[in-house]
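Could you look at this predicted model? Sequence included:
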Amino acid sequence: MNHSHDHPQQEKPKPKPKPKAMIVGGSIAGVSCAHALIRVGWDVVVIEKSRKPPKGSPTGAGLGLDPLSQELIGTWTGRPELLHNITAPLTIDLNQAIDDEKTRKILARDENFNHSAAHWATLHDHLFSALPPEIFLWGHLFLSFSVSNDKQSVKIKAQVLDTGETTEVDGDMLVAADGCLSLIRNHFLPDVKLRYSGYCAWRGVFDFLGIEDSETIKKVREAHPELGKCLYLDLAPGNHTVLFEIPNKRLNWIWYLNQPEPDLQGNSVTTKVRDDMIQKMYQDAEKIWHPALVQIMRETKEPFINAIYDCDPLEQIVWDNVVLVGDAAHPTTPHSSRSTNMSILDAAVLGWCLEKWGSEYLTAALEEYQYIRLPVASKQVLHARRVGRIKQGLTLPDCEPFNPNTATPEECKMLPQSGVPFFGHNPLLRSSDLLLAGKR
C-alpha cells in the first residue's frame, strides 16, 4: 500500500526586493553611478532637471580620460570598442613657454601621459545609451529630501517642470551627483562656499569637418605637429592655453586668463558672452598667442567663458544614507584632468563598497567609500589648485610667481599632469577589484 506524503507544499521564499538608490543629477557623475550601482544589484532612479538627454548636443567641451576610467566605462557598457571609437589618443603632455615674438621653448614634455580625449556630450551619450531609459526622470527639478527617523530610507521631492506639480520618490540611499553648486551638499554644509580661483577660461570647440585641407588647419598643424596625440599647453606670463584634438574632426581649446570674479547669474559657472566681449578676446589673443591658435579661436562658433572655482577639501561626504559624488563631493579646478576621472572613480568605488558590505550594512559601505575616496580626492584638488596658480603666475606662500620665460628646470617640475598625487594608481584598492565589481 502506497502512502503519499501529504506535507503541505512549501512556498518558495519571496525574493528580497532590490535596494533602491536615488541619484540626483544626470551628468557624467550621475550616469556613472547608475552603471556602477545597477552592476552590483541595486535599482536606481536618476532625477535630472534637463528635459531630455544631451544627445547630439554641442554642450560642454573636451576632456581627458585616464586609463582606469576607460577600463571602467568599457566594463560598465560591455562595449569597449565603442569607447575607442569616440576617443582620441593623448599620449604626450607638452608644456611650452611663448614669448613676445611668439617663439616657443619646451618647459616640460611627458611622453607617457596615456590618456584619451573625448567630447563631453559624446561621452555622456555613450554612458547614457547603455542604461535602461526608464530609470531616468527627465525634467524633474530636485527640491528637497528627508531621511526617515530610523535612517533606513530617504524621500526626495521634485518639481515636474512640464506641469509644475510636485512629486515624491522614496529609496534606500540618496546619491548627490548634483555638481559643484550642490544643493544637497549645501543642506549639510551651509557654510562651505566655492573658492574663486582668480581666473576664468575662454573655451571653444572648433569643428573642421569638411575643411581638413584649409589654410587654418594646415597652419595649426604646422604649429602643432603632434596634434592628434598631444596635449599642448602654451604658457605666457599670467596666462596659459590648452589645445588638443578630439574625435570627429574637432579641436578643443581653452585660454585661462586672470580677472576679477564675474557676476554669475543663476546656478551656473558659465557666463554668457556678448559679441563685443568676443571681439576683445580676439584682439587680446593676437598680442599673446601663436597666430595659428588665434585663427582657430576666431573661427570657432559660440565660444564661452567658464569661471574657474574649486572648494577647500571637505571633511565629510557621507551622512547616514546620503552620499556625495563627483563635483558635489570635490569641486576642482581642471588643471590635472581630474574632474571627470574623479567622478567615474567615485562611482566605481561606491559600487565596490556596496557590493562588499551588502545593503544590510549600508552605513559601513558608505563609511568605507568615504575612507577610500576622501583623502585621495582632497590631495588631487589641492594639487590642481597649486598647479593652476603656478601656471597663471599667481602668488603662492612658498615661491615667487612663475614666469615661463625665465623658469628654471626645477620650477617646471610641477607642470606635467603626471605630478598629480596618485597618478596612475589608487591607494587602498586595486584597480582589478573595481573592474570585477558585480562579477563576484
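That came in fine, so what should we check first?

pLDDT below threshold where in the stretch 201-350 of the chain?
Low-confidence segments of the stretch 201-350 of the chain (pLDDT under 70): 266-267.

What segments of it are helices?
Here the stretch 201-350 of the chain has its helices, by DSSP state H, counting those that start in this stretch, at 215-223, 275-288, 291-299, 339-357.

what is the orientation angle of the third one with helix 275-288?
Helix 291-299 runs at 180 degrees relative to helix 275-288, counting by axes from the mean of the first three to the mean of the last three Cα atoms, to 10 degrees.

For the remainder of this discussion, apply numbering that starts at 96.
With the count now opening at 96, the last piece we talked about shows up as helix 386-394.

before we move on, the earlier item: could you dump the helices of the stretch 296-445 of the chain to a markdown table with mean neighbour count and distance to His210?
All C-beta spots, glycine's among them, are computed from the backbone N, C-alpha and C. Below are the helices of the stretch 296-445 of the chain laid out as a markdown table (neighbours: other Cβ atoms under 10 Å; distance: least, Cβ to Cβ, whole Å):
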| stretch | mean neighbour count | distance to His210 |
| --- | --- | --- |
| helix 310-318 | 16 | 21 |
| helix 370-383 | 14 | 26 |
| helix 386-394 | 19 | 21 |
| helix 434-452 | 25 | 9 |
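
Out of the ones you listed, flag the one nearest Arg134.
Ranking the helices of the stretch 296-445 of the chain by proximity to Arg134 (Cβ to Cβ) places helix 434-452 first, at 6.0 Å.

residue contacts, the nearest residue to His221 once chain neighbours are set aside?
Nearest-residue entry for His221: Ile181, 5.8 Å, with adjacent residues in sequence omitted and distances by Cβ to Cβ, 6 or more residues apart in numbering. Shown in contact with Ile181 (Cβ atoms under 8 Å, 6 or more residues apart in numbering): 213-214, 217-218, 221, 342.

Widest-spaced pair of the residues you listed?
Using Cβ to Cβ, those span at most 11.3 Å, a distance reached by His221 and Pro342.

Compare the two and say which is more crowded by neighbours.
His221 (19 against 16; other Cβ atoms under 10 Å).

got the buried residues for the helix or strand in which that one is found?
Following DSSP states H and E, one finds His221 within helix 215-224. Within helix 215-224, the residues scored as buried using 16 or more other Cβ atoms under 10 Å are 215-223.

same thing with stretch 197-214?
197, 199, 202-203, 205, 208-214.

quick one on the thing from earlier: can you list the buried residues of helix 215-224 in JSON lines and add pLDDT?
Compiled in JSON lines, the buried residues of helix 215-224 are given as follows (pLDDT from 0 to 100):
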{"residue": "Trp215", "pLDDT": "94"}
{"residue": "Ala216", "pLDDT": "92"}
{"residue": "Thr217", "pLDDT": "94"}
{"residue": "Leu218", "pLDDT": "96"}
{"residue": "His219", "pLDDT": "95"}
{"residue": "Asp220", "pLDDT": "95"}
{"residue": "His221", "pLDDT": "96"}
{"residue": "Leu222", "pLDDT": "97"}
{"residue": "Phe223", "pLDDT": "96"}
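
In CSV, list the residues you listed along with distance to Ala387.
Formatted as CSV, the buried residues of helix 215-224 follow (distance: Cβ to Cβ, whole Å):
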residue, distance to Ala387
Trp215, 25
Ala216, 26
Thr217, 25
Leu218, 27
His219, 30
Asp220, 31
His221, 31
Leu222, 34
Phe223, 35
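
which one of the residues you listed sits closest to Ala331?
Trp215 (26.8 Å).

Backbone dihedrals for Ala472, please?
Per-residue torsions, Ala472: phi -60, psi -40 (degrees, to the nearest 10).

can you check the one 5 residues further on too?
Listed backbone geometry of Leu477 is phi -70, psi -30, with angles given as degrees, to the nearest 10.

Report the contact partners of it.
The contact partners of Leu477, by Cβ under 8 Å, 6+ apart, come to Pro408.

That one and Pro149: what is the separation?
As defined by Cβ to Cβ, to the nearest Å, Leu477 lies at a distance of 31 Å from Pro149.

Just list what the helix holding His221 packs against, helices and strands only.
Using 3 or more Cβ pairs under 8 Å, 6 or more residues apart in numbering; DSSP states H and E, the elements in contact with helix 215-224 are helix 123-134, strand 157-160, helix 162-172.

Any chance of TSV for the ones you listed, columns mean neighbour count and mean pLDDT?
As requested, the helices and strands packed on helix 215-224 are exported to TSV (neighbours: other Cβ atoms under 10 Å; pLDDT from 0 to 100):
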stretch	mean neighbour count	mean pLDDT
helix 123-134	26	98
strand 157-160	25	94
helix 162-172	20	95
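
Relative to Gly234, which of these is closest?
The nearest among these, by Cβ to Cβ, is helix 123-134 at 14.9 Å.
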